[in-house]
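Asks: just to be clear, the model below is a prediction. Sequence and coordinates:
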Amino acid sequence: MSKISDIAKTVGVSTATVSRAFNQHPYVNEALRKKILEVGQKMNYAPTISSLRRNFGIVFGNFKFGYYQRHLLYHLTNGILAKGYNLQIVNSNQLPFIHKNTYCGMFLLSNFSRMEELQKLGIPLMFVNYALDGFYSVTTDHKLSMEIAVSHLIKHGHRKIAFVRAKKGHWGSDLREKGYRETLSKYNIAFDPKLLAFYYKPDDIEKRLLKLVSAKATAVVVDGEENTPAVNYFLNKNHIRVPDDLSVICFEDEEHSQYTNPPYTAVKQDFGALGMVAASIMLQLISQKKNLQIATNTVIPGNSLVIRESVRTISDISS
C-alpha cells in the first residue's frame, strides 16, 4: 500500500503539500490538488477519513435506530455533506480515545453522563433536538407541536383530550406536556390528571390507552415518532375503533402513519430544517464566527399537522 511520501516523490512536492491536498486546504492550487489526487488513486493510496480535519463526530447517548433517529441523522448528514464535510458515528465508550484533533466538532443527540469528558476536548459541541444550559443547540419547538395537535382536537369538538408521553424528565416530552396544559387552559378546559399517562417502553402503551378510554377520553395524542405501529396494534387488539371510539393524533412516522387503518393524523417535525440549521451553526463555530463561550439554543418552529382520517368531529364548535 502506497504512502504519502510515495505520492510526494512522484508528483515532486513535499509530503506537507500532499497532506494539505487531501485535507482540502484552501491554499493548494486546484490543478496541483487534482494531480495529487489522481496520482494517489493510481497508487491505491487511501487516506483515513477519520484523520481528516473536515470530519465531525456524532454521539448517541442511547443508540436506538428508530424512525426518529434515522431521519434526524439523514438530514444532519445531508447538511454536513452539502458543506463538504464528513460525519462519523461515535460510541460513548470511544470517548477516552478521542482528542482535540480527532474531529473539528461533535454533534450530540441527547444528554449523557460523560459530558465533562467531551467539554475537556476543547472542540465545538452542539446538541441537536435537545437543549442543555451552557451548550449550543438547535431544537424543534416541542411545545408548539402539542399546541397544534390539541388545538386541532378542540376545534373538532373534543374536550376530554388525553396525552400519552414519555417518562418524567424526558426533555422533549416535558415541553410537550407544557404545550398540552397551556393549550387546554387557553380554551378554558380544566386539566384532568386522569388524562395524562406515562410510558417507559412501547408495551406500556396498551394499559395506558385502556385506562384513558375508561376515563372517557374522546381523543388522545401519543408522544414519540416510533409509537404509531404500537398504538394502531393495541387499539385494534382491544376492538377500540378509530376515530369512532377514540380520535388519535400521533407524531409523524410516514413509514407507518399513512398506512394504518384508518390513516393517522400526525404532527410532523421539520427534520430537514433541523439538520441544515445545525450544520450551518456548527460551521460558524469551527470558523470562530460564533463565540464558544456564549452558547444559545436556536428553536426551529417547523411543526405541521398532517391531516388524515383518525379525528372525528363530535360537535359543531368551530374555530
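Replies: Now that the structure is in, tell me what you want to look at. Residues are numbered from 1 along each chain as shown.

Asks: which parts of the stretch 151-300 of the chain are helices?
Replies: Counting by DSSP state H, counting those that start in this stretch, the stretch 151-300 of the chain has these helices, from start to end: 171-186, 204-214, 228-237, 271-286.

Asks: just the pLDDT for Asn78.
Replies: According to the prediction, Asn78 has pLDDT 86.

Asks: how many neighbours does the nearest residue to Phe251 once chain neighbours are set aside have?
Replies: Excluding its sequence neighbours, the residue lying closest to Phe251 (Cβ to Cβ, 6 or more residues apart in numbering) is Glu225, at 4.8 Å. Heads up, the C-betas are built off the backbone N, CA and C, glycines and all. Counted by other Cβ atoms under 10 Å, the residues lying close to Glu225 total 25.

Asks: in contact with Glu225, which residues are there?
Replies: Taking Cβ atoms under 8 Å, 6 or more residues apart in numbering, we find Glu225 in contact with 66-68, 71, 250-253, 269.

Asks: go again using 6 Å as the cut-off
Replies: With contact set as Cβ atoms under 6 Å, 6 or more residues apart in numbering, Glu225 has these partners: 67-68, 251, 253.

Asks: and those residues, which is closest to Asn29?
Replies: Within the contacts of Glu225, proximity to Asn29 (Cβ to Cβ) peaks at Tyr68, which comes in at 44.7 Å.

Asks: model confidence score at the nearest residue to the closest one once chain neighbours are set aside, please.
Replies: Distances taken as Cβ to Cβ, 6+ apart place Glu225 nearest to Tyr68, at 4.2 Å, with adjacent residues excluded. Per-residue pLDDT puts Glu225 at 89.

Asks: repeat for Gln293
Replies: According to the prediction, Gln293 has pLDDT 70.

Asks: what about it, how many neighbours?
Replies: Taking other Cβ under 10 Å as the criterion, the count of residues near Gln293 is 6.

Asks: relative to Lys155, how far out is it?
Replies: Counting by Cβ to Cβ, to the nearest Å, the separation of Gln293 from Lys155 is 45 Å.

Asks: equivalent analysis for Leu125, please.
Replies: Distance of Leu125 to Lys155, computed by Cβ to Cβ: 41 Å.

Asks: the two: which has the busier surroundings?
Replies: When Leu125 is set against Lys155 and neighbours are counted by other Cβ under 10 Å, the residue ahead is Leu125, at 24 against 14.

Asks: now the more buried one: how far from Tyr136?
Replies: Spatial separation of Leu125 from Tyr136 under the definition Cβ to Cβ is 7 Å.

Asks: and if you look at Asn236?
Replies: Remark: distance between Asn236 and Tyr136 (Cβ to Cβ) = 44 Å.

Asks: so for those two, which sits in the more crowded spot?
Replies: Taking Asn236 and Tyr136 together and counting by other Cβ under 10 Å, Tyr136 has the greater number of neighbours (24 against 13).

Asks: who does the more buried one bridge with?
Replies: Legend: beta-bridge partners of Tyr136 under DSSP bridges are Met126.

Asks: quick check: it touching Gln293?
Replies: No. Here Tyr136 lies out of contact with Gln293, judged by Cβ atoms under 6 Å, at a distance of 10.6 Å.
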